[in-house]
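Student: need the 3D shape of this:
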Amino acid sequence: MPDRSDKVKENVQPGLYYVDSSCIDCDVCRDTAPDNFKRSDENSYSFVYKQPENEEERLKCEEAVLCCPVEAIGNDGEDA
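Tutor: Below is the predicted model of the structure:
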């Protein structure tokens, strides 16, 4: 279960979606929602660089939440 108190520092704020430190850099979220997730090359994990701006992006972010193998993506951030 994602922990919003353990968000990686690169996540764009404020916003509903975030990645926590349990990310294993598997690339699933970046493949699923490339408009919203990027990789921190320095730290080898993903982060939310843009919150969804429309329904299509929101649905892709929700798919990323569901597909994350370690449940590192949360959707209960500041807008929750």
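Student: going by C-alpha atoms from here, please, whenever you check contacts or count neighbours.
Tutor: Will do.
Student: and E57, which of the three is it?
Tutor: Of the three states, E57 takes helix according to DSSP: H, G, I helix; E, B strand; the rest coil.
Student: tell me how far it lies from S5.
Tutor: Separation of E57 from S5 (Cα to Cα, to the nearest Å) stands at 24 Å.
Student: ok, now D76?
Tutor: From D76 over to S5 the distance is 11 Å, taken as Cα to Cα.
Student: ok, now E42?
Tutor: 21 Å.
Student: the more surrounded of these two?
Tutor: Legend: neighbour count by other Cα atoms under 10 Å for E42 and S5, higher for S5 (9 against 6).
Student: any idea how far stretch 40-59 is from the middle of the chain?
Tutor: Averaging C-alpha positions (Cα atoms, centre = their mean, to the nearest Å) puts stretch 40-59 5 Å from its chain's average.
Student: contacts for it, please.
Tutor: Among residues not part of stretch 40-59, those counted as contacts by Cα atoms under 8 Å, 6 or more residues apart in numbering are 8, 10-12, 15-19, 23-25, 27, 29-30, 33, 35-39, 61.
Student: span of it from start to end?
Tutor: First-to-last residue span, stretch 40-59, Cα to Cα: 23 Å.
Student: now do stretch 43-58
Tutor: Distance across stretch 43-58, first residue to last, is 26 Å (Cα to Cα).
Student: buried sites along it?
Tutor: Residues Y45, S46, F47, V48, Y49, K50, Q51, P52, E57, R58 are the ones in stretch 43-58 that count as buried (16 or more other Cα atoms under 10 Å).
Student: go on, stretch 26-34?
Tutor: Buried residues in stretch 26-34, counted by 16+ other Cα under 10 Å: D27, V28, C29, R30, T32, A33, P34.
Student: go through those residues and name the one nearest M1.
Tutor: C29 (15.8 Å; Cα to Cα).
Student: list the contacts for that closest one?
Tutor: Contacts of C29 (Cα under 8 Å, 6+ apart): F37, S46, C61, A64, V65, C67, C68.
Student: can we see that at 6 Å?
Tutor: Counting by Cα atoms under 6 Å, 6 or more residues apart in numbering, C29 touches A64.
Student: phi, psi of G74?
Tutor: phi -110, psi 150 (degrees, to the nearest 10).
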